[in-house]
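Student: just to be clear, the model below is a prediction. Sequence and coordinates:
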Amino acid sequence: MKILEAFGEPVSYGGQEIFVMNVLDHMDRSGMEIDFLTPYFCDNESIRSRVMEYGGIVYELGCSFRPGRSRMDTALPILEFLRKRNYDLIHIHSGSSSMLAIYAAASHTAGIECIIAHSHCTGRDDMRHTVSRAATVPVLKRCVTDFCACSEESGRWRFPRSVCDSELHVIKNGIDTAAFAYDEQKRAEIRSMYGIVDDTVLIGTVGRLTYQKNQLYMLRLLRKMISDISCPDCDDDHEKIREIHETGGKEIETPCGSKAVRKYMLMFAGGGEDLEMLQTYAMMMGLQDRVIFAGVSGRISDFYSAIDVLAVPSEYEGFPLVVLEAQAAGLEVIASEAVPRIAEETGLVRIIPLEDRDEWIAALTSDHCRHSGTARKLEEMGYSAVKTAELIRKLYLQNIIL
């Protein structure tokens with residue numbers, strides 16, 4: 001069985017690539033030859049080498065990656081690529097409706113009989129989405145044989161209503177929960193690397209630095225957190241609180257008996273097109289000593305041990321893997337309404353509208369602790385990489401047999 005895992009974005013360090021690798025790492029791949037394709041580039045050498053270990057190749061077509069711009073320049077290169085190879089099945093992964101449609105149409109024209117479209121997120125509810133949906137839904141309905149999504153919301157955002165009512169495969173984003181177990185030694189190593197003292201509260205975000213993930217929102221919250229320092233009891237802006245807070249000292253008694261606020265820092269783990277913009281804003285806001293740009297790393301599981309609470313202020317999502325990974329590490333998660341409500345079932349995820357900034361600040365500055373037993377809960381809820389891999393393999397085999 002020749003299978004192509006096709007991506008609508010670069011093969012980098014995003015959630016879609018991680019999802020597919022989680023599946024392949026835990027799947028029985030016997031009888032399968034699996035390649036990757038991106039119209040753009042691959043800068044994740046770990047993924048490239050692992051795919052090669054499985055006997056596959058990561059193909060790059062070299063198109064210009066221009067987020068927010070038309071993707072039609074990828075259509076002909078994709079079609080020409082597919083016509084040269086005889087794949088039995090293509091599994092399309094993308095956060096772009098147009099890329100799902102471009103791949104589906106090209107696959108259909110190239111004669112691939114099994115075409116799976118997989119929606120990994122929702123999107124911006126605006127006129128552009130309305131037009132894109134109107135243009136792509138007929139193509140998807142005509143060409144795609146199976147529709148998958150990480151959540152029902154993600155499916156309804158991209159696919160025809162009739163499909164979502166009766167044919168949609170909701171496949172949970174499974175993770176290897178053991179890989180994200182809390183490690184005290186890793187916590188000490190990471191925090192020492194960045195000079196973070198023990199009593200500093202480190203707020204973390206993990207993901208691509210892009211509009212969707214909305215990291216600028218966190219910079220604005222952090223600025224407000226350190227500029228609006230007041231006593232929790234008398235609402236007085238004690239000068240001593242400000243001094244201790246700015247220098248990162250320990251909690252102290254205020255003149256009225258309350259505790260002073262601890263120091264807060266923000267870590268962005270990830271890379272992306274918004275990096276320079278975020279660095280510039282951090283400088284403009286005077287936050288350069290409080291914000292860490294950790295970049296992309298193969299040690300992402302270690303960062304969950306280093307941070308104290310995860311923030312997910314996304315403008316739109318499907319079911320982000322980072323929410324599951326953080327919970328597997330025992331972390332509490334503060335998330336926007338873009339994250340599905342089902343994520344709250346473990347009790348560690350709190351969903352707050354982005355408009356309610358004061359509530360976000362109250363949630364981020366409340367006391368946080370590590371929770372045990374969450375990894376087991378996630379597995380019981382079906383967020384296991386093994387379970388997800390079994391479902392994907394079953395879907396592949398059913399298509400080939402049919």
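Tutor: Ah, there it is.

Student: any idea what sits nearest residue 64, other than its immediate chain neighbours?
Tutor: Distance criterion Cβ to Cβ, 6 or more residues apart in numbering; nearest residue to residue 64, sequence neighbours excluded, is residue 73 at 7.3 Å. Every residue, glycine included, has its C-beta placed from N, CA and C.

Student: name the SS class of the one you found, please.
Tutor: helix (DSSP: H, G, I helix; E, B strand; the rest coil).

Student: I figured it hits residue 62, correct?
Tutor: No - counting by Cβ atoms under 8 Å, residue 62 is not a contact partner of residue 73; they are 11.0 Å apart.

Student: and the two? Which one has more around it.
Tutor: In this view residue 73 and residue 62 are compared by other Cβ atoms under 10 Å, and residue 73 has more residues nearby, 13 against 10.

Student: relative to residue 40, how far out is the more buried one?
Tutor: Residue 73 sits 11 Å away from residue 40, going by Cβ to Cβ, to the nearest Å.

Student: give the residues shared as contacts by those two.
Tutor: With contacts taken as Cβ atoms under 8 Å, 6 or more residues apart in numbering, residue 73 and residue 40 have 63-64 as neighbours in common.

Student: do you know the pLDDT at residue 241?
Tutor: pLDDT for residue 241: 49.

Student: shaky segments in the stretch 301-402 of the chain?
Tutor: The model of the stretch 301-402 of the chain has pLDDT under 70 over residues 400-402.

Student: for it, which segments count as strands?
Tutor: If DSSP state E, counting those that start in this stretch is used as the criterion, the strands of the stretch 301-402 of the chain fall at 309-312, 333-335, 349-351.

Student: which strands border the longest one, and is each parallel or antiparallel?
Tutor: Under the criterion DSSP bridges, strand 309-312 sits next to strand 201-206 (parallel), strand 333-335 (parallel) in its sheet.

Student: now that strand, how far from the centre of its chain.
Tutor: With Cα atoms, centre = their mean, to the nearest Å as the basis, the distance from the averaged C-alpha position of strand 309-312 to the chain average is 12 Å.

Student: returning to what we had before: would JSON lines of the strands of the stretch 301-402 of the chain with distance to residue 225 be doable?
Tutor: Below are these laid out as JSON lines (distance: least, Cβ to Cβ, whole Å):
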{"stretch": "strand 309-312", "distance to residue 225": "12"}
{"stretch": "strand 333-335", "distance to residue 225": "13"}
{"stretch": "strand 349-351", "distance to residue 225": "17"}
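
Student: now the ones you listed in JSON lines, with distance to residue 123 and mean neighbour count?
Tutor: JSON lines is the format used below for the strands of the stretch 301-402 of the chain (distance: least, Cβ to Cβ, whole Å; neighbours: other Cβ atoms under 10 Å):
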{"stretch": "strand 309-312", "distance to residue 123": "16", "mean neighbour count": "25"}
{"stretch": "strand 333-335", "distance to residue 123": "17", "mean neighbour count": "24"}
{"stretch": "strand 349-351", "distance to residue 123": "18", "mean neighbour count": "18"}
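
Student: what is the burial count for residue 137?
Tutor: Each residue near residue 137 was counted by other Cβ under 10 Å, and the total is 18.

Student: which non-adjacent residue is nearest it?
Tutor: Closest to residue 137 by Cβ to Cβ, 6+ apart is residue 160, at 5.1 Å.

Student: which pLDDT value belongs to that neighbour?
Tutor: Residue 160 carries a pLDDT value of 85.

Student: what do you get for residue 36?
Tutor: 98.

Student: in a strand, it, correct?
Tutor: Yes - counting by three-state DSSP, residue 36 is located in a strand.

Student: bridging residues for it?
Tutor: Here residue 36 sits in beta bridges with residue 5, residue 58, going by DSSP bridges.
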